[in-house]
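Task: produce atomic coordinates for the following.
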Amino acid sequence: MTLRATGRRTFSSLSVPNYRKYFTGQAISLIGTWMQTTAQSWLVLTVTHSATDLGLVVALQTLPVLLLGPYAGVIADRVDKRRLMVVLQSAMGVQALALGVLTLAGTATFADISVLAVVLGLNNCFENPARQAFVLEMVGAGDLRNAVSLNSTLVNAARAVGPAIAGVFIATVGTGWCFVANAVSFVAVVVSLVTMDVRSLEPTPPAQRQKGQLREGLRYVARTPELGIPLLMMGLVGMLAYEFQVTLPVAAQRVFHGGSESYGLMTAAMGIGAAVGGLVSAARGRTGIRSLVVTAVIFGVVIMATALSPDAAVAYVALVFVGFASVSFLAMGNSTLQLEAEPQMRGRVMALWSVAFLGSTPVGGPLIGWVSARAGARVGLAVGAASCLVAAGLGIVALRARRARGGAPPLPRVIDPRPL
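Numbering: from 1, shown residues only. Here you go, the predicted structure:
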């Protein structure tokens, strides 16, 4: 395959004008989001000096997803997703501005941070399933895997850039300006949504309002192993492994004896690896339970390597591979669910994906924070590594059970997003 053909395959979804516009807006906004994520973790540590409190704030931010996530999926299936995203993205900009003003004024308390974390969590709860399902409406089924992988690449490229900028901001002008910068960055994504060519979208017909739609979605997932198994694996990994907002700042400060710059470099290293992983996922387009199992094993191994790193330099290298594996696992799971779900159920299925990935944090965040506070960040990371291996084991059991019933598991699927 020629280099040009590989490039066309890797970036095929960007040939869709609406998605290209959305992608550009997201690129700007996500840098601000990662600046806020980094600054918020550091702000909590400087205000409370407690890893447990840091885990609590992360939990509060994701608690709405756990409590309301399935209902948010019902809403996403009923309404115009683009309009809902415009409203919620605007509200998140206001939340970031409020936190920035309080921090710059020197009056931000742990209670203030906690309340605003809940506000952000409520917005994320309803925005996530709408945004996940909206990708298909922009690009169509042929480019879905590619678009999901490129979006994961974008998120993690921003993870490489945002925390590095946040580290500079924190060290020079102060933490509060990270939040202000994030507030401004939301303008880009809102403009991209408002100025889209709606005639080129392929909207899913909205589900009619009726009783039992939430239960219907849960029953649908329960009777569909191609959906239920990836969600179960993601729930376990999301609860214990994806708590890097808790483990990395504690590791930077207490294991490697660094400051905000060290934490920013650790997060940036993950972002670099994830950006590469996202591009590889975009080019290969693998989905399916078997691929998830293999990736979960790799994810667990590289997290454990990070936990055992003798110094910060080795940890930075290990985190590059952690980022690569993390985005591969997310992209595979996300694409698998979207392609297996029936169109009228997609919002509810992706809401359950958000519950599995983010909604599990109210349990995992405080738990990993407590473990990191008592036993150290290395043990907190090791617990996450173990969860990946257990999730892989669950996937293997499910595959063997399917084989025993006479249905051989399908090979991982690879697609050409469009003919070359």
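
Do a quick rundown of the helices in the stretch 51-200 of the chain.
Assigned by DSSP state H, counting those that start in this stretch, the stretch 51-200 of the chain shows helices spanning 51-78, 81-104, 110-139, 144-172, 176-194.

and these, which one is worst for confidence?
Mean pLDDT across those is lowest at helix 144-172; the value there is a mean of 78.

Just the buried residues of that one, please?
144-167, 169-170 (16 or more other Cβ atoms under 10 Å). Where you see a C-beta, it was placed from the backbone N, CA and C, and this is true even at glycine.

Now distance to Ala401 too, for the helices of the stretch 51-200 of the chain, in CSV please.
CSV is the format used below for those (distance: least, Cβ to Cβ, whole Å):
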stretch, distance to Ala401
helix 51-78, 26
helix 81-104, 36
helix 110-139, 28
helix 144-172, 26
helix 176-194, 42
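
what's the closest of those to Ser41?
Taking Cβ to Cβ, helix 51-78 is the member of the helices of the stretch 51-200 of the chain nearest to Ser41, at 6.1 Å.

Tell me what angle that closest one forms with helix 110-139.
Counting by axes from the mean of the first three to the mean of the last three Cα atoms, to 10 degrees, helix 51-78 lies at 40 degrees to helix 110-139.

Numbering from 233 from now on, please.
From this message on, residue numbering opens at 233, which makes the last subject helix 283-310.

coming back round to it: for Lys443, which of the helices of the stretch 283-432 of the chain is the nearest?
Nearest to Lys443, of those and by Cβ to Cβ, is helix 283-310 at 11.0 Å.

Does anything pack onto that closest one? Which helices or strands?
helix 249-280, helix 342-371, helix 445-454, helix 476-482, helix 578-586, helix 593-607 (3 or more Cβ pairs under 8 Å, 6 or more residues apart in numbering; DSSP states H and E).

ok, and the closest non-adjacent residue to Val587?
The shortest distance from Val587 to any residue other than its chain neighbours is 3.9 Å, reached at Gly301 (Cβ to Cβ, 6 or more residues apart in numbering).

Next: Thr269.
In space, Thr269 is closest to Gln477, 6.4 Å off (Cβ to Cβ, 6+ apart).

and the one you found, what does it touch?
Applying Cβ atoms under 8 Å, 6 or more residues apart in numbering to Gln477 gives the contacts 269, 273, 286, 290, 597.

if I pick the fourth one, what's in contact with it?
When contacts are counted by Cβ under 8 Å, 6+ apart, Val290 is found next to 273, 349, 475, 477-478, 593, 597, 601.

out of those, which are buried?
273, 349, 475, 477-478, 593, 597, 601.

hmm, which two among those are most spread apart?
Ala349 and Glu475 (14.9 Å).

circling back: of all the contacts of Val290, which comes closest to Arg455?
Thr593 (27.2 Å).

Without its sequence neighbours, what residue ends up closest to the closest one?
Closest to Thr593 by Cβ to Cβ, 6+ apart is Thr294, at 3.8 Å.

quick one, what contacts that neighbour?
Contacts of Thr294 (Cβ under 8 Å, 6+ apart): 353, 356, 590-594, 597.

at 7 Å instead, please
By Cβ atoms under 7 Å, 6 or more residues apart in numbering, the contact set of Thr294 is 353, 590-591, 593-594.

is it true that Gln268 touches Cys410?
Yes - contact criterion Cβ atoms under 7 Å: Gln268 and Cys410 qualify, at 5.9 Å.

Give me the more crowded residue out of those two.
Cys410 (31 against 26; other Cβ atoms under 10 Å).

would Thr436 count as being in a helix?
No - Thr436 sits outside any helix when classified using DSSP: H, G, I helix; E, B strand; the rest coil, being coil.

count of neighbours near the residue lying closest to it once chain neighbours are set aside?
Leaving aside its sequence neighbours, Thr436 sits nearest to Pro575 (Cβ to Cβ, 6+ apart; 4.9 Å). Using other Cβ under 10 Å, Pro575 has 16 neighbouring residues.

measure Pro575 to Ala304 for me?
18 Å (Cβ to Cβ, to the nearest Å).

How about Ser619?
Counting by Cβ to Cβ - Ser619 and Ala304 are separated by 25 Å.

Just send the contacts of Val290 back as a markdown table, with distance to Ala544 too.
Output for the contacts of Val290, formatted as a markdown table (distance: Cβ to Cβ, whole Å):
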| residue | distance to Ala544 |
| --- | --- |
| Ser273 | 17 |
| Ala349 | 28 |
| Glu475 | 20 |
| Gln477 | 18 |
| Val478 | 18 |
| Thr593 | 26 |
| Gly597 | 24 |
| Gly601 | 21 |
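
Give me the lowest-pLDDT entry from the residues you listed.
For pLDDT, the smallest value among the contacts of Val290 belongs to Thr593: 73.

can you tell me which residues contact that residue?
Contacts of Thr593 (Cβ under 7 Å, 6+ apart): 290-291, 294, 475.

Let's see that with 6 Å instead.
290-291, 294 (Cβ atoms under 6 Å, 6 or more residues apart in numbering).

what are the ranges of the helices in the stretch 483-632 of the chain?
With DSSP H, counting those that start in this stretch as the criterion, the stretch 483-632 of the chain has helices spanning 492-516, 521-539, 544-572, 578-586, 593-607, 609-636.

So for the shortest one, mean pLDDT?
Translated: helix 578-586. For helix 578-586, mean pLDDT is 80.

Also compute the angle for it relative to helix 313-336, please.
Put simply, helix 578-586 runs at 30 degrees to helix 313-336, going by the same axes, to 10 degrees.

so how many other residues sit close to Thr278?
11.

Look up how far Thr270 lies from the residue nearest to Ala323 when sequence neighbours are not counted.
Computed as Cβ to Cβ, 6+ apart, the closest residue to Ala323 that is not its neighbour in sequence is Asn355, at 5.2 Å. Relative to Thr270, Asn355 is positioned 19 Å away (Cβ to Cβ).

Comparing these two, which shows the higher neighbour count?
Thr270 (29 against 19).

thought the more buried one was touching Pro395?
Yes - counting by Cβ atoms under 6 Å, Thr270 touches Pro395, with 4.3 Å between them.

That's all I had, so thanks and see you.
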